[in-house]
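using only what follows, build the 3D model:
(one chain, ligands or ions: 1)
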Amino acid sequence: MILEAHDLGWSVRRTQIVRDVSLAVREGETLGLVGPNGSGKSTLLRLLSGILKPTTGDVLVEGQPLGHLPRRLAAQKIAYLEQQADTGEAITVRDAVELGRTPWLTPLQPWSAKDDRIVAEAMAGADLHGFGTRYWATLSGGEKQRVHLARALAQRPRILLLDEPTNHLDVRHQLSILKLVAALPVTSIVALHDLNQALACDRVGVMAGGRLVALGAPEQVLNVERIAEVFGVRASIVTDPADGARFFRLDHIE
Ligand SMILES: Nc1ncnc2c1ncn2[C@@H]1O[C@H](COP(=O)(O)OP(=O)(O)OP(=O)(O)O)[C@@H](O)[C@H]1O
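Predicted coordinates for the structure are as follows:
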């Protein structure tokens with residue numbers, strides 16, 4: 001297993017925010033994380049990234065405790081795309097994406113043509129042609145989000161942790177970025193609000209009240225009863241007669 005959490009918990013000022021989360025993620029897998037607002041998805045991703053130190057339990061990366069890995073090595077393995085990352089610095093898009101290479105650079109291994117190529121590929125992956133010299137502060141919300149994704153891709157991690165990577169994106173970019181992430185040869189954990197997007201993941205974890213209340217194949221985990229219980233909405237599965245694709249129709253419970 002490339003990433004494991006054992007009995008993970010985090011509390012702040014005696015309030016338990018995440019409790020008893022255990023999971024194991026296989027190499028190359030895309031795991032969707034869903035749950036209502038405040039259910040602990042972002043906190044769990046921050047624990048898995050090493051930004052937050054668990055109050056209880058452990059995170060293991062390739063069998064090694066994350067807390068024992070030097071920061072640089074951890075940053076070579078894990079990239080984390082935050083939900084509301086911003087910067088006041090007057091940097092260009094290209095500068096921002098180049099930051100993704102930082103964990104790989106040393107005095108003996110300075111910036112090279114390989115880094116240029118990786119940055120160009122990352123920008124192309126996030127559809128940022130022509131944005132290189134634009135200043136970060138002038139970008140729209142969705143453009144900023146694509147720059148964050150490009151920075152994470154330029155990091156060439158083994159594990160990508162993405163917190164609502166599509167929330168500012170137009171429909172075309174939502175589809176293309178999820179397709180890109182699914183096709184990458186990396187392990188991804190993606191917090192999502194769109195249950196139809198979660199259906200396309202290899203497995204889905206459901207958070208509620210700080211706990212991981214279900215983990216498994218999307219159609220088993222996202223059943224009508226659980227959606228009613230966790231989200232308080234009525235779901236029905238609709239099948240597209242054209243190709244048999246299944247998706248959710250969601251409505252209020254009367
Ligand atoms: N540093 C903190 N201090 C106090 N409460 C916190 C802190 N961090 C998170 N919380 C609380 O913990 C709960 C879980 O937050 P978290 O951001 O992990 O939820 P989420 O599932 O990602 O929510 P959303 O879908 O709204 O993004 C929320 O009630 C939040 O207010």
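
pLDDT value on A183, please?
pLDDT, A183: 88.

now the helix or strand of the chain with the lowest mean pLDDT: buried residues?
Sorting the helices and strands of the chain by mean pLDDT, DSSP states H and E puts helix 171-183 at the bottom, at a mean of 90. Applying a neighbour-count criterion of 16 or more other Cβ atoms under 10 Å, one finds H173, Q174, S176, I177, L178, L180, V181 buried in helix 171-183. Placement of C-beta: from N, CA and C, glycine included.

can you show me the CA trace of that helix as CSV?
Output of helix 171-183 as CSV, limited to C-alpha atoms (Å, rounded to 0.1, in the frame of the first residue of the first chain):
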residue,chain,number,x,y,z
VAL,A,171,-17.8,22.3,-17.1
ARG,A,172,-15.3,21.7,-19.8
HIS,A,173,-12.3,22.2,-17.4
GLN,A,174,-14.0,20.1,-14.7
LEU,A,175,-14.3,17.2,-17.1
SER,A,176,-10.8,17.6,-18.5
ILE,A,177,-9.1,17.9,-15.1
LEU,A,178,-10.8,14.9,-13.6
LYS,A,179,-9.9,12.9,-16.7
LEU,A,180,-6.3,14.1,-16.5
VAL,A,181,-6.1,13.1,-12.8
ALA,A,182,-7.6,9.7,-13.5
ALA,A,183,-5.2,9.0,-16.3
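
that helix - contacts with which helices or strands?
Applying 3 or more Cβ pairs under 8 Å, 6 or more residues apart in numbering; DSSP states H and E, one finds that helix 171-183 contacts helix 141-154, strand 187-191.

again, 10 Å this time
Counting contacts by 3 or more Cβ pairs under 10 Å, 6 or more residues apart in numbering; DSSP states H and E, helix 171-183 packs against strand 30-34, helix 113-125, helix 141-154, strand 159-163, strand 187-191, helix 195-199.

hmm, who's touching that helix?
30, 32, 81, 125-127, 142-143, 145-146, 149, 152-153, 160, 162, 165-170, 188, 190, 192, 194, 197, 200-202 (Cβ atoms under 10 Å, 6 or more residues apart in numbering).
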